[in-house]
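*Asks:* Task: produce atomic coordinates for the following.
(one chain, ligands or ions: 1)
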Amino acid sequence: METIGILLAGGMSRRFGSPKAFAKINDRFFYEQVWRALDAACDHVVIVTREELIPRFPEELDVIIDLPSLSGLGPLVGIYTAMTERPADQYLVLPCDMPFIGQKETAALIQLAEGTHDVTAVRTSEEHLPLFSIWNHRVKKDLIQEVLNKQLSVMKFLDQVETKWVDSRLIHVDKTIFRNINTDD
Ligand SMILES: Nc1nc2c(ncn2[C@@H]2O[C@H](COP(=O)(O)OP(=O)(O)OP(=O)(O)O)[C@@H](O)[C@H]2O)c(=O)[nH]1
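*Replies:* Here you go, the predicted structure:
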């Protein structure tokens, strides 16, 4: 079963104040941390970003932009774009603002997914993490309907398809590694 990693980096980072993909942690860009975590568990990784950020990524990486007619409408568009441009059996999705997820965690989620549900996503005792998730290719047709109907909430979409929610403790006991960074403080 071919798995492609989707690194979402097409948001505006309004709350953060500068593109989060290029914020740093331990001397590495957020996107580099996330790319490594995906690359270790996937057959290929594609970064879906905004046009103006493309020159900031190394040329050797696979970097694409949202389909022009849907550009900037949110993470569901980034996922749909990657599914359209890079066909595969399933996709491991991670946003550029979850830089504490590592290779062990991505590998563990793939193990837990089993390939039978539309989407397998993670939840902690406090919150759902719809963007740390595995998406079967068959949801692509539902995804485009959702986006065309301007229903852009990832959580609402996951409520409509067959989603398996995985307890984060099966992946890592420390739930702080699942936090996402929205502000620069
Ligand atoms: N490809 C793509 N990715 C997106 C889009 N919107 C958000 N993302 C990504 O989805 C993840 C979650 O985004 P958010 O934190 O909700 O939004 P953001 O735009 O990054 O930040 P804010 O502007 O502060 O809301 C991040 O990795 C974003 O880069 C989009 O329209 N296209």
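
*Asks:* Extract the C-alpha trace of stretch 117-129 and format it as PDB.
*Replies:* Extracted as PDB, the C-alpha positions of stretch 117-129 are listed here (Å, rounded to 0.1, in the frame of the first residue of the first chain):
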ATOM      1  CA  HIS A 117     -11.400   3.400   7.700                       C
ATOM      2  CA  ASP A 118     -11.900   6.500   5.500                       C
ATOM      3  CA  VAL A 119      -9.800   8.600   7.900                       C
ATOM      4  CA  THR A 120      -7.800   7.600  11.100                       C
ATOM      5  CA  ALA A 121      -7.100  10.700  13.300                       C
ATOM      6  CA  VAL A 122      -5.700  11.300  16.700                       C
ATOM      7  CA  ARG A 123      -7.300  12.700  19.800                       C
ATOM      8  CA  THR A 124      -5.800  13.500  23.200                       C
ATOM      9  CA  SER A 125      -7.900  13.600  26.500                       C
ATOM     10  CA  GLU A 126      -8.400  17.300  25.800                       C
ATOM     11  CA  GLU A 127      -8.700  17.800  22.000                       C
ATOM     12  CA  HIS A 128      -9.200  16.300  18.600                       C
ATOM     13  CA  LEU A 129      -6.200  16.600  16.200                       C
END
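
*Asks:* does the ligand sit close to that stretch?
*Replies:* No - residues of stretch 117-129 contacting the ligand under C-beta under 6 Å from any ligand atom: none, with a closest distance of 10.9 Å. Yep, even glycine has a C-beta here, placed from its N, CA and C like the rest.

*Asks:* all strands for the chain, in order.
*Replies:* Along the chain, counting by DSSP state E, strands occupy 3-9, 24-25, 28-29, 44-49, 62-65, 90-95, 119-123, 128-136, 163-167.

*Asks:* how about a markdown table for these, with mean pLDDT and mean neighbour count added?
*Replies:* Listed next are those as a markdown table, based on pLDDT from 0 to 100; neighbours: other C-beta atoms under 10 Å:
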| stretch | mean pLDDT | mean neighbour count |
| --- | --- | --- |
| strand 3-9 | 98 | 25 |
| strand 24-25 | 94 | 12 |
| strand 28-29 | 97 | 16 |
| strand 44-49 | 98 | 23 |
| strand 62-65 | 98 | 18 |
| strand 90-95 | 98 | 25 |
| strand 119-123 | 98 | 22 |
| strand 128-136 | 98 | 22 |
| strand 163-167 | 97 | 16 |
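
*Asks:* for those strands, which one sits closest to Asn182?
*Replies:* strand 90-95 (10.4 Å; C-beta to C-beta).
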